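**Student:** Just need the structure, nothing else, for what follows:
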Amino acid sequence: MAVNLTPNAIAAIIAGDVNSKPLVQVLDIKLIAATAQPKERYRLLLSDAVSSQHAMLATQLSDRVKSGQVRKGSVVQLIDYICTSSQNRKIIVVLNMETIILECEIIGNPKSLVESDSTAQKPLPNSSLDHSTRVSNNRFNAQNPGQSVQSFPPTVQPPYQPPPNYRNHGPMLKNDAPARIIPITALNPYQGRWAIKARVTAKGDMRRYNNARGDGKVFSFDLLDSDGGEIRVTCFNAVVDRFYDAIEIGKVYLISKGSLKPAQKNFNHLKNEWEIFLETTSTVELCLEEDGSIPRQQFSFRPISEIENAENNSILDVIGIVISVNPSVPIMRKNGMETQRRILNLKDGSGKSVELTLWGEFCKREGQKLKEMIDSGSFPVLAVKAGKVNDFNGKSIGSISSTQLFIDPDFPEARGLRNWFDRGGKNVASVSISREIMPGGSKNEIRKTVSQIKDEGLGRSDKPDWVTVKATISFIKTDTFCYTACPLMIGDRQCNKKVTKSGNMWTCDRCNQEFEECDYRYLLQAQIQDHTGLTWVTAFQESGEEILGCSAKELYLLKYEEQDDDKFGGIIRSRLFNQYLFRLKIKEEMYGDEQRVKITIVKADNVNHSSESRYMLDLISKFTR
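**Tutor:** Below you'll find the model as predicted:
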């Protein structure tokens, strides 16, 4: 059965014609074994019955080879493709194609195209084909795409279709020759000249680093184009100086002359296997006219109930109603620097709620705004772009450098959530996936009794021990429950060192400054006990607020300014002999010349009796097996 491939299609493509839709045959398929590639890629050998040429198959088409939709001998129609140079050789990159005949004998006697002779080959005019054959073939293509040989007419000639609308959008400034604008999804390392037009959806802070090569600086930003393609762009050192101030979130740019490298998925959550690295020769041009075809942001929201089964450290989008916002507290990082942390809670219509932890500047900006809205009685909608899943003591979401927060955004998902909440969702109970103790306990949770802390020598190794203890508070020291702290900021963090009063002024030896008002921070010492024994523990700012239900300043003023001993004593007594789940950090520290084990309350949660019952039943079942 004779099949006519598009005459001289290979020569025309090599010569630069990428606007037609030729029929070609697949002579060979090979998997490219490259360990640096995050996805499999296939190399094809294409033929027009006279000439053959190697082609790269875009990764989004790899499944067609795996599923058998494209095989050796298949006749395919090239829908979208480009021709580029790689190591002084021409190569076709196939971005989209359709299988016309799945299996077919090799057509003609194709030979490898000699590029120097390609311009001498002229495509045959359409009139050289029989008119009735063209009509028959067109009708087949329209009515029976992808059918096998049995019902296929004797000859095939594809109809003419106009090129995709993203081609030939003109040159970019500062380029010596026009660079063709292509979709982000079409980018690959085998292209020569390219340009993309996209909107900046996120911009990271400039970071400094030090490694074996020396000091440096780096920043990244994310792009989104009109086809929904996303990609991250990274700049180093001198390139940072060129582009950091020029890049603004929400603006549209024309970008070209960058290099593509495999995306580092540990740090890059975008659905693209490549990253763009800008160089000193790269161009970034701001588009002065707004392009309405490019969306401002792209979300893939996950219901909170699905986050419960999400992988640890995975990046996802979530939207919910903010139902509570905790105070911002200082946290000491491993590098010795202090940062801010603020925890809030989200709920949605899935019947679940989740903790969202904000870090750094998020605590002061969006975190403070959300706190003020909650305090005023409103419950805002919050959309989180690129939150990181954490499975420590349940599942929670945390902010990272590329996270974006949108308060009461105006899009359908937010309006639907607001409508659900106002029509009764506010009163619907939700189960937290962050603090619920699942049967058998979280995989990161180690349950101990009070006596086991001493009997097992916890805290005496090089690293601290983290355990959970169910216990009650039997005694709270009330003479030194807080200390006066420095409220001054050192960069982006609060000093928090103990200050002394001199006359009407407070003095910080660390900051070497005086100020009229100080801060008050918990340094709460208490005894906790269970059925096995008791021990002393220390609770700092956040855990102190969780236990006593008010700030250290409020309690200090009540005791020393208002001198209301009855009310002060009532607050302390109301916390005694209540049962808590204490998350404890146990570490041996030096006090003078003596080593002592220090036990710090990191978290104090009221016991959820439903979850605790499931935990106890699971323990019983393990002992009775």
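
**Student:** Buried residues in stretch 403-420, which are they?
**Tutor:** Thr403, Gln404, Leu405, Phe406, Pro409, Ala414, Leu417, Arg418 (16 or more other Cβ atoms under 10 Å). C-beta coordinates here come from the backbone N, C-alpha and C atoms, glycine included.

**Student:** how close does the closest residue to the fifth one other than its chain neighbours sit to Ile407?
**Tutor:** Spelled out, that is Pro409. In this structure, Pro409 finds its nearest non-sequential neighbour in Ala383, 5.2 Å apart by Cβ to Cβ, 6 or more residues apart in numbering. For Ala383, the distance to Ile407 (Cβ to Cβ, to the nearest Å) stands at 8 Å.

**Student:** what does Glu516 give?
**Tutor:** Glu516 sits 34 Å away from Ile407, going by Cβ to Cβ.

**Student:** on that earlier part again, and the residue nearest to Pro409, helix, strand or coil?
**Tutor:** strand (DSSP: H, G, I helix; E, B strand; the rest coil).

**Student:** just the strands in the stretch 1-150 of the chain please.
**Tutor:** Along the stretch 1-150 of the chain, the stretches classed as strands by DSSP state E, counting those that start in this stretch are 23-32, 41-47, 51-57, 75-86, 89-101, 111-112.

**Student:** mind listing the strands for the stretch 251-400 of the chain?
**Tutor:** Going by DSSP E, counting those that start in this stretch, the stretch 251-400 of the chain shows strands at 252-262, 274-286, 315-325, 329-332, 338-347, 352-359, 381-390, 396-398.

**Student:** What pairs with the longest one, parallel or antiparallel?
**Tutor:** Read that as strand 274-286. Using DSSP bridges, strand 274-286 pairs in its sheet with strand 230-236 (parallel), strand 252-262 (antiparallel).

**Student:** Touching the longest one from outside, list them.
**Tutor:** The set of residues that contact strand 252-262 without belonging to it, under Cβ atoms under 8 Å, 6 or more residues apart in numbering, is 36-38, 172-173, 175, 179, 181, 187-189, 193-200, 223, 233, 247, 273-279, 281-287, 290-291, 294.

**Student:** again, 6 Å this time
**Tutor:** Defining contact as Cβ atoms under 6 Å, 6 or more residues apart in numbering, one finds that strand 252-262 is touched by 36, 38, 172, 179, 189, 195-197, 199, 274-278, 281-287, 291, 294.

**Student:** so how far is Gly367 from Leu405?
**Tutor:** Where Gly367 is concerned, Leu405 sits at a distance of 9 Å (Cβ to Cβ).

**Student:** for Leu346, same thing?
**Tutor:** In terms of Cβ to Cβ, Leu346 sits 13 Å off from Gly367.

**Student:** Also Asn309?
**Tutor:** Taking Cβ to Cβ, one finds Asn309 at 28 Å from Gly367.

**Student:** tell me which element Arg242 falls in.
**Tutor:** helix 238-243 (DSSP states H and E).

**Student:** and what of Asn210?
**Tutor:** Asn210 belongs to strand 207-211, assigned by DSSP H and E.

**Student:** report the angle between the axes of that strand and strand 230-236?
**Tutor:** 60 degrees (axes from the mean of the first three to the mean of the last three Cα atoms, to 10 degrees).

**Student:** can you point me to the longest helix in the protein?
**Tutor:** Looking across the chain with DSSP state H, the single longest helix is helix 609-623.

**Student:** what's the model's confidence in it, averaged?
**Tutor:** Helix 609-623 carries an average pLDDT of 74.

**Student:** circling back: what residues are up against the residue nearest to Pro409?
**Tutor:** Ile319, Phe406, Pro409.

**Student:** Helix, strand, or coil at the last one?
**Tutor:** The assignment at Pro409 comes out as coil when based on three-state DSSP.

**Student:** Lys553: which of the strands of the stretch 251-400 of the chain is closest?
**Tutor:** strand 329-332 (13.9 Å; Cβ to Cβ).

**Student:** residues of the closest one that come out buried?
**Tutor:** Quick answer for strand 329-332 (16+ other Cβ under 10 Å): Val329, Pro330.

**Student:** How about stretch 357-374?
**Tutor:** Thr357, Leu358, Trp359, Gly360, Phe362, Cys363, Glu366, Gly367, Leu370, Lys371, Met373, Ile374.

**Student:** Name the nearest residue to the fourth one, sequence neighbours excluded.
**Tutor:** Right, Gly360. Closest to Gly360 by Cβ to Cβ, 6+ apart is Thr339, at 5.3 Å.

**Student:** Around the one you found, count how many other residues there are.
**Tutor:** By the measure other Cβ atoms under 10 Å, the count of residues near Thr339 is 14.

**Student:** Distance of it relative to Leu78?
**Tutor:** From Thr339 to Leu78 the distance is 53 Å (Cβ to Cβ).

**Student:** okay, now Ile101: neighbour count?
**Tutor:** Close neighbours of Ile101, defined as other Cβ under 10 Å, add up to 20.

**Student:** Out of the strands paired with strand 274-286, which one sits most buried?
**Tutor:** Greatest average neighbour count among the strands paired with strand 274-286 goes to strand 230-236 (a mean of 21), per mean count of other Cβ atoms under 10 Å.

**Student:** ok, and what's touching it?
**Tutor:** 184, 218-224, 243, 268, 270, 272, 275-278.

**Student:** Looking at the contacts of Ala383, which one is closest to Ser543?
**Tutor:** Closest to Ser543, out of all of the contacts of Ala383 and judged by Cβ to Cβ, is Ile319, at 29.7 Å.

**Student:** Could you tell me the per-residue confidence at the nearest residue to the closest one once chain neighbours are set aside?
**Tutor:** Spatial nearest neighbour of Ile319, excluding adjacent residues (Cβ to Cβ, 6+ apart): Ala383 at 4.5 Å. For Ala383, the model assigns a pLDDT of 95.

**Student:** Does Asp605 lie in a helix or a strand, and which?
**Tutor:** Assigned by DSSP H and E, Asp605 falls in strand 594-606.

**Student:** tell me what that strand is packed against?
**Tutor:** strand 533-539, helix 541-548, strand 579-591 (3 or more Cβ pairs under 6 Å, 6 or more residues apart in numbering; DSSP states H and E).

**Student:** show me what contacts Asp564?
**Tutor:** Per Cβ under 6 Å, 6+ apart, neighbours of Asp564: Leu558.

**Student:** shift numbering so it begins at 54
**Tutor:** I'll keep to 54 as the first residue from here, and by that count the last item is Asp617.
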